[in-house]
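Colleague: One predicted model, sequence on top.
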Amino acid sequence: MSTSSTSSTGSTGSTGIKSIKSTKSTKSTKNVSTSALTESECGTGPRAHCVAEADGGLAFELGLSGAEGGQAVLLLRRRRGQATDEARLPLAQVSPGRLRAELPVGTGLREGRWDAYLVLGEDAPVRMLPGMNDLRALLGRVPGKGEDLLRVRIPYPTKDGHLAVRAWQRSPHVEAGELYIREDRLTFQGRLFGAEFDDGAYLEADPRGSDEPSLRAEVVVDGDEFTATVPYRMLMPGLWDLRLGASGARGARGRGGGLPDGIAPKEARFTHPALRVSGEYGPVDAEPYYTVDNDLSVKVTARADESEGN
């Protein structure tokens, strides 16, 4: 059986769609206040629409009418981070009543979840609400070969209905592509960022929360791309995190996952079939899945031997 990732929100395999860009402006945003929200946003809080740029940057747009006050800033604050984990993005007027803030891909955001706030002058920060997201430019995005540090930022609505940005910052990173589930194994293709392969490359499956040794398997390398296979029959029940060692035992390992395509979180949107396998630890059900951080892992569940009930 061969299968690729399935999303409940539809296919994301199309490429070549250009992002919608707004004209950048340097006009001042003086004379605005929290009482100046547009009619559609009054009573609900400020609402930002997000547009992805082809290079991985983000733009935030919102409606704000003129009134007395100070300058407008979009504040990103890292959740459960230190007080210094903040990024302030000036909001510039692009048309009457419309403001825009830019988050260039090179802006340093530590890995984690960043809540979005609107700050007007000396007023207290106000949590922002999510609007429309145009993330088409991220579909099929391939970071440049010169990028040693992979940076990915994806806006999303939180469980309580506010706007946040999930940020990843990794080097090296292993981007998982198509997943193929056959008989008693998982085979997947991918690409390595931030490192180079040598003859000692390997795939490693780490048992999460266990002192049991990791399982290593060979990979087939073609330039910066690879094909790796996880043999289900050798995995004991539990959760297994997949990492790629690019250059032998002493080299850096990259976590396998799916980041640049604009889908976060993948955990609830992608499902993969489980296989029933009889291996070294008896009969088990094994299935690949994406974690809340979009990392690729394998879940192995013990099952009763069907012959025992006969």
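Modeller: All right, it came through fine. All values reported here derive from a predicted model rather than from experimental measurement.
Colleague: isn't R153 right up against A167?
Modeller: Yes: counting by C-beta atoms under 8 Å, R153 touches A167, with 5.1 Å between them. No exception for glycine: its C-beta is placed from N, CA and C like everyone else's.
Colleague: Please identify every residue contacting each of these two.
Modeller: Common contact partners of R153 and A167 (C-beta atoms under 8 Å, 6 or more residues apart in numbering): L109.
Colleague: Which of the two has more residues huddled nearby?
Modeller: R153 (25 against 21; other C-beta atoms under 10 Å).
Colleague: I'd assumed that one was in a strand, is it?
Modeller: Yes: when DSSP: H, G, I helix; E, B strand; the rest coil is applied, R153 is found to be in a strand.
Colleague: That one: what's it in contact with?
Modeller: G56, G57, L58, L103, V105, L109, V165, R166, A167, W168.
Colleague: go with 7 Å
Modeller: L58, L103, L109, V165, A167 (C-beta atoms under 7 Å, 6 or more residues apart in numbering).
Colleague: would CSV of the residues you listed with secondary structure be doable?
Modeller: Converted to CSV, the contacts of R153 look like this (three-state DSSP):
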residue, secondary structure
L58, strand
L103, strand
L109, coil
V165, strand
A167, strand
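Colleague: any idea how far R276 lies from P283?
Modeller: Distance of R276 to P283, computed by C-beta to C-beta, to the nearest Å: 7 Å.
Colleague: And for R185?
Modeller: 16 Å.
Colleague: How about D198?
Modeller: 38 Å.
Colleague: neighbour-wise, which of the two wins?
Modeller: A direct count of neighbours by other C-beta under 10 Å for D198 and P283 places P283 higher, at 14 against 11.
Colleague: what helix or strand is that one on?
Modeller: Using DSSP states H and E, the element containing P283 is strand 282-290.
Colleague: So in that sheet, which strands flank that strand, and in what orientation?
Modeller: Strand pairing for strand 282-290, determined by DSSP bridges: strand 275-279 (antiparallel), strand 296-302 (antiparallel).
Colleague: nearest to D85, of the ones you listed?
Modeller: Evaluated over the strands paired with strand 282-290, closeness to D85 peaks at strand 296-302, with 27.0 Å, by C-beta to C-beta.
Colleague: Outside of that closest one itself, list whatever touches it.
Modeller: 176, 186, 205, 230, 235-242, 256-258, 282, 284-291.
Colleague: Assign A137 to helix, strand or coil.
Modeller: Note that with three-state DSSP, the state of A137 is helix.
Colleague: how close does it sit to W240?
Modeller: 33 Å.
Colleague: L296 now?
Modeller: 10 Å.
Colleague: Please tell me the pLDDT value assigned to the residue lying closest to L235 once chain neighbours are set aside.
Modeller: Ranked by C-beta to C-beta, 6 or more residues apart in numbering and with sequence neighbours excluded, the top spatial neighbour of L235 is V300, at 4.8 Å. On pLDDT, V300 comes in at 95.
Colleague: For V300, give its distance to G57.
Modeller: From V300 to G57 the distance is 39 Å (C-beta to C-beta).
Colleague: quick one: which of the two has more around it?
Modeller: V300 (21 against 18).
Colleague: So which other helices or strands are in contact with the host helix or strand of D206?
Modeller: Counting by DSSP H and E, the element that carries D206 is strand 202-207. If you count contacts as 3 or more C-beta pairs under 7 Å, 6 or more residues apart in numbering; DSSP states H and E, strand 202-207 packs onto strand 215-222, strand 238-245.
Colleague: The last one versus strand 296-302: what angle between them?
Modeller: The reference is to strand 238-245. With axes from the mean of the first three to the mean of the last three C-alpha atoms, to 10 degrees as the basis, strand 238-245 and strand 296-302 are set at 150 degrees to each other.
Colleague: List the neighbouring strands of strand 238-245 plus their orientation.
Modeller: strand 202-207 (antiparallel), strand 253-257 (antiparallel), strand 296-302 (antiparallel).
Colleague: Below-threshold pLDDT in the stretch 101-250 of the chain: ranges please.
Modeller: 140-148, 247-250 (pLDDT under 70).
Colleague: just the helices in it please.
Modeller: For the stretch 101-250 of the chain, helices defined by DSSP state H, counting those that start in this stretch do not occur.
Colleague: buried ones in stretch 214-234?
Modeller: Within stretch 214-234, the residues that count as buried by 16 or more other C-beta atoms under 10 Å are L215, V219, V221, F226, T227, A228, T229, V230, P231, Y232.
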